[in-house]
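Chemist: got a structure for you, letters missing:
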């Protein structure tokens, strides 16, 4: 359960409660324009029974205090939410900024978050406002985030700033070849489209020559096959676990071509879930069943 309130001193208090702990985060505005952040975590009490029958309870309490400059404190016409130990500044009128909270795709969230490991490399293609990039960085991963929409980039930068996180942010789309493309900038639903109002740079993932990739997420509103075609060398080199959002409007032929690339690289794959606009595909290496079996039922390989 999360709770947000202002107390009598105009202090913003964020409360997060689970079976294991209660976490309080207080943001206090200071007169010099800075803000003081106090974090206290109360661990669940442990009951100890002694040989003589006496009972006692022990509780772990951890606290920390830091002061940040005013430019790192949430400001403007926004809401502040907390999820997974991170602060999220959510513009009231920005389409889809709420996706940073990840309340809408629990199965995908579990697949990715359980693969976040310190020291490993996460590539986030279609990073949006940083929902997965910032969570990965907070877990000690090296993150390469690719996002062509300037509005999404602005929010992603802001949320990385207020959480004190660093990622490698690449302001471009990924595709099968180098060049430019038109982008329909619709917030969380931004996509490459001939009718798009913005012209954005396009590069291939292979052109970045990343020596290591452990986890790859692709969510590009129908452009997933092009991204994969431009990433074959990287996948052959690193064989990362992959999560791809598949959109119905991409068409059955593109879906089959995507399966063919993954099967050719030795991947096994299955759908994590289905929703009105598409499905989420998980691919892991090596393949555990035959490609032919997977392509017949269209769900696993």
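Modeler: Yep, it's here. All of these numbers come straight from a predicted model, not from anything done at the bench.
Chemist: Please, where are all the strands along the stretch 151-300 of the chain?
Modeler: 168-170, 173-174, 179-184, 191-192, 198-203, 215-218, 241-247, 268-275, 278-284 (DSSP state E, counting those that start in this stretch).
Chemist: where does the residue in the chain sticking out farthest from the centre fall, phi/psi-wise?
Modeler: Relative to the mean C-alpha coordinate of the chain, counting by C-alpha atoms, centre = their mean, the farthest residue is residue 52 (51.7 Å). Phi and psi for residue 52, reported as degrees, to the nearest 10, are phi -90, psi 10.
Chemist: how near is the residue most central in space within the chain to residue 115?
Modeler: Taking C-alpha atoms, centre = their mean, the centroid of the chain lies closest to residue 132, which sits 0.9 Å from it. The span separating residue 132 from residue 115 equals 10 Å under the rule C-beta to C-beta, to the nearest Å. From N, CA and C alone the C-beta is placed, and that goes for glycine too.
Chemist: Run through this protein and note the low-pLDDT ranges.
Modeler: Across the chain, the ranges flagged by pLDDT under 70 are 1-21, 25-38, 46-48, 57, 63-77, 287-301.
Chemist: For it, just list every one of the helices.
Modeler: Listed in chain order, the helices of the chain (DSSP state H) span 106-113, 131-138, 150-162, 224-229, 232-238, 252-264, 291-297.
Chemist: Now render these as JSON lines, adding distance to residue 192.
Modeler: What follows is the helices of the chain, written out as JSON lines (distance: least, C-beta to C-beta, whole Å):
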{"stretch": "helix 106-113", "distance to residue 192": "21"}
{"stretch": "helix 131-138", "distance to residue 192": "20"}
{"stretch": "helix 150-162", "distance to residue 192": "14"}
{"stretch": "helix 224-229", "distance to residue 192": "8"}
{"stretch": "helix 232-238", "distance to residue 192": "19"}
{"stretch": "helix 252-264", "distance to residue 192": "13"}
{"stretch": "helix 291-297", "distance to residue 192": "26"}
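Chemist: which of those is buried the deepest?
Modeler: helix 131-138 (a mean of 25; mean count of other C-beta atoms under 10 Å).
Chemist: Please compute how far that one lies from its chain's middle.
Modeler: 5 Å (C-alpha atoms, centre = their mean, to the nearest Å).
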